[in-house]
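**Q** Quick one, structure for this:
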Amino acid sequence: MVYFYRSPTAIIVSALCSIAIAAFIYFVIVKPQTDSANDQVNHALKQAQPSIDAANKQLQQAQPGIDEANKRLKQAQPGIDRAQKIANCVAQAGGDVTKIQACQNQ
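**A** Model prediction:
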């Protein structure tokens, strides 16, 4: 870039030319590319939306079953805990019949 130190008019003209070049680059190169990228993203989102809606619908339909399974798991948890405790006790008994029988009585 050429610098003009003494002429205010030349400084203004130089600044306007720089702004014009920057505007030209933006409107001719950058903006069309960003518009094209935005259009592609919007197109992809429109294509994916039916799949997203179907997945949300399936999730809503599955939710009552998930809630029921969680409820049954909470009901079964004490029995599971007791069975785990007995299994640990039997494993620690090491084949001793009286210790295994004591585990069953706990």
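
**Q** can you pull out the helices in the chain?
**A** 8-25, 31-93, 97-105 (DSSP state H).

**Q** Export these as JSON lines, with columns for mean pLDDT and mean neighbour count.
**A** Yep, even glycine has a C-beta here, placed from its N, CA and C like the rest. Compiled in JSON lines, the helices of the chain are given as follows (pLDDT from 0 to 100; neighbours: other Cβ atoms under 10 Å):
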{"stretch": "helix 8-25", "mean pLDDT": "90", "mean neighbour count": "11"}
{"stretch": "helix 31-93", "mean pLDDT": "89", "mean neighbour count": "10"}
{"stretch": "helix 97-105", "mean pLDDT": "77", "mean neighbour count": "11"}
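
**Q** Distance of residue 37 relative to residue 31?
**A** Distance, residue 37 to residue 31, by Cβ to Cβ, to the nearest Å: 11 Å.

**Q** show me the contacts for the residue nearest in space to the middle of the chain.
**A** Nearest to the mean C-alpha position of the chain, counting by Cα atoms, centre = their mean, stands residue 52 at 13.8 Å. For residue 52, no residue meets the contact criterion (Cβ atoms under 8 Å, 6 or more residues apart in numbering).

**Q** Can you give me the distance of residue 102 to residue 80?
**A** Going from residue 102 to residue 80 by Cβ to Cβ gives 21 Å.

**Q** same thing with residue 73?
**A** Taking Cβ to Cβ, one finds residue 73 at 9 Å from residue 80.
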